[in-house]
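Peer 1: from the sequence below, what's the structure:
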Amino acid sequence: MNYNYGDTTFMILATAMVCLMTPGLAFFYGGLARKQSVLYTMMQSFISMGIITVIWIFGGFGLAFGKDMGGSIGNISDFFGLMHVGFVSSNVHAASIPFVLFFAYQLMFCVITVPLMTGAFVERLNLKAYIWLLIVWTLLIYIPVCHSVWGGGFLEKLGFVDFAGGTVIHTTAGFGALAAILFLGRRHQKDISMKPNNLMLVAIGTALLWFGWFGFNSGGAYKAGALAATAFANTFIGLASGMITWLIYAKLVRGKIDFLDVLIGSVAGLATITPVAGYIEPSKAVIVGIAAGIICNLAVAFQEKCGWDDELGVWGVHGIGGLTGTVLIGFLANKEVNGVSASVHQLLIQIGGVLLVAIYSFVITFAILKVLGRITNIKPSDEQIKKGLDKTLLGQTTAL
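Peer 2: Down below sits the predicted model:
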């Protein structure tokens, strides 16, 4: 056993912090949804832990991190049923921690990705369809992209980098969400208000996301040290500068700011700093946050102008935020931080890689929903939506 005790302790904490982000996301989206569908909206995040863990154990981890089998997929048999996943460190992945901890850390990333999408199609997908989407989307989109970028696949071999998931997680989820928005269409019930039901829930969810995001980004170093500390600092600087820029933009364009601007602006900053957190010095994280506050705001305004029914802004905040941060690596990366330099060559690789992932995620998500729609009914009825999905699909309410 050649693992380092300090690195192991650090990564256990980082893994637990990333795990906390999924219930944090549940609170975040639950507070933004209608009161009649809070539990159903939150359940979509919580149920992912159970289903994705089973997938990860029985083939998912091997497909993502097994021996490369052609550029976009790994060998399913390498780690099937936790075979060869134990206390001994891997010479390929995170050499200073037990391999089972690398398994767990990467699992937490996979768990949260599909739930990120749920805010875009809130109340427009029934539970049966969501579970099928969770399974099939993970197998056809998350795992191939994860292997391509982090598991020794073709994008990694080309020199494409993504420190903590701006492409693998946020871009895939954001553009998958866009496909769902366009496929499912707008809600029919014009009389139903989609205003947030409880901003205190949103604030609690945001706080949990803030806390977890430090493990999300700094854990990408896989060991305690200067790189983890740099990613940690970049995370809160990106958060803060993204929030402040979002507020300034809101004041200049809309003439006012509100509490929701504070919360969403910070998440936009976090989504954008994620891919670049381990490649820049902290002074440049301010630039990333400013870019997040402007570009994500423009994206949200664009989707509103187009009439896309993305009430919780998943595409504009996560999709465009993750894409923007990935591209900024080509402009801002410092070789002294983590071996990657800003250059025209790196910029072209980043642009090409993230656009390929965005298009792939959009097309395959649309295809998955189309096939599911032909096989079974995937939408709640208008009557179910009007009464609320908590009561009609779960037989529960938030009342004590």
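Peer 1: mean confidence (pLDDT) on the host helix or strand of Val54, please.
Peer 2: Using DSSP states H and E, Val54 sits in helix 38-55. For helix 38-55, the mean pLDDT works out to 96.
Peer 1: now that helix - C-alpha only, CSV.
Peer 2: Extracted in CSV, the C-alpha atoms of helix 38-55 (Å, rounded to 0.1, in the frame of the first residue of the first chain):
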residue,chain,number,x,y,z
VAL,A,38,-41.3,20.7,-4.3
LEU,A,39,-40.9,17.1,-3.1
TYR,A,40,-40.9,15.7,-6.6
THR,A,41,-38.3,18.2,-7.7
MET,A,42,-36.1,17.4,-4.8
MET,A,43,-36.6,13.7,-5.1
GLN,A,44,-35.1,13.8,-8.6
SER,A,45,-31.8,14.8,-7.0
PHE,A,46,-31.8,12.4,-4.1
ILE,A,47,-32.8,9.3,-6.1
SER,A,48,-29.7,9.7,-8.3
MET,A,49,-27.4,8.6,-5.5
GLY,A,50,-29.0,5.1,-5.4
ILE,A,51,-29.4,4.5,-9.1
ILE,A,52,-26.0,6.0,-10.2
THR,A,53,-24.1,4.1,-7.5
VAL,A,54,-25.5,0.8,-8.8
ILE,A,55,-24.5,1.7,-12.4
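Peer 1: biggest helix in this protein by residues?
Peer 2: Counting residues, the longest helix found in the chain (DSSP state H) is helix 344-375.
Peer 1: remind me which residues of the stretch 51-200 of the chain are low pLDDT?
Peer 2: 187-194 (pLDDT under 70).
Peer 1: just to revisit the earlier point, what is the helix holding Val54 packed up against?
Peer 2: Judged by 3 or more CB pairs under 8 Å, 6 or more residues apart in numbering; DSSP states H and E, helix 38-55 is in contact with helix 5-32, helix 99-117, helix 127-137. All C-beta spots, glycine's among them, are computed from the backbone N, C-alpha and C.
Peer 1: which other helices and strands contact the second one?
Peer 2: Helix 99-117 makes packing contacts with helix 5-32, helix 38-55, helix 61-65, helix 127-137, helix 143-150, helix 172-184 when contacts are defined by 3+ CB pairs under 8 Å, 6+ apart.
Peer 1: need phi/psi at Trp308.
Peer 2: phi -70, psi 130 (degrees, to the nearest 10).
Peer 1: from Ile131, how far out is the closest residue to it other than its chain neighbours?
Peer 2: Among residues not flanking Trp308 along the chain, Ile181 sits closest, at 5.1 Å (CB to CB, 6 or more residues apart in numbering). Counting by CB to CB, to the nearest Å, the gap between Ile181 and Ile131 amounts to 20 Å.
Peer 1: neighbour count: these two, which is higher?
Peer 2: Ranked by neighbour count (other CB atoms under 10 Å), Ile181 and Ile131 place Ile181 first, with 22 against 15.
Peer 1: tell me the contacts of that one?
Peer 2: Going by CB atoms under 8 Å, 6 or more residues apart in numbering, Ile181 touches 120-121, 308-310, 315.
Peer 1: same deal with Ala292?
Peer 2: By CB under 8 Å, 6+ apart, the contact set of Ala292 is 238, 241-242, 245-246, 268-269, 271-273, 321, 324-325.
Peer 1: what's the answer for Glu156, then?
Peer 2: 148-150.
Peer 1: one more pass at 6 Å, please.
Peer 2: Counting by CB atoms under 6 Å, 6 or more residues apart in numbering, Glu156 touches Val149.
Peer 1: pull out the buried residues from the helix or strand that it is a member of.
Peer 2: According to DSSP H and E, Glu156 maps onto helix 154-158. Under the neighbour-count criterion of 16 or more other CB atoms under 10 Å, helix 154-158 has 154-156 buried.
Peer 1: now those residues as a markdown table including distance to Phe163?
Peer 2: Converted to a markdown table, those look like this (distance: CB to CB, whole Å):
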| residue | distance to Phe163 |
| --- | --- |
| Phe154 | 19 |
| Leu155 | 14 |
| Glu156 | 13 |
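Peer 1: show me which of those is closest to Thr41.
Peer 2: Nearest to Thr41 among those, counting by CB to CB, is Leu155 at 33.0 Å.
Peer 1: distance of Thr376 from Cys19?
Peer 2: 32 Å.
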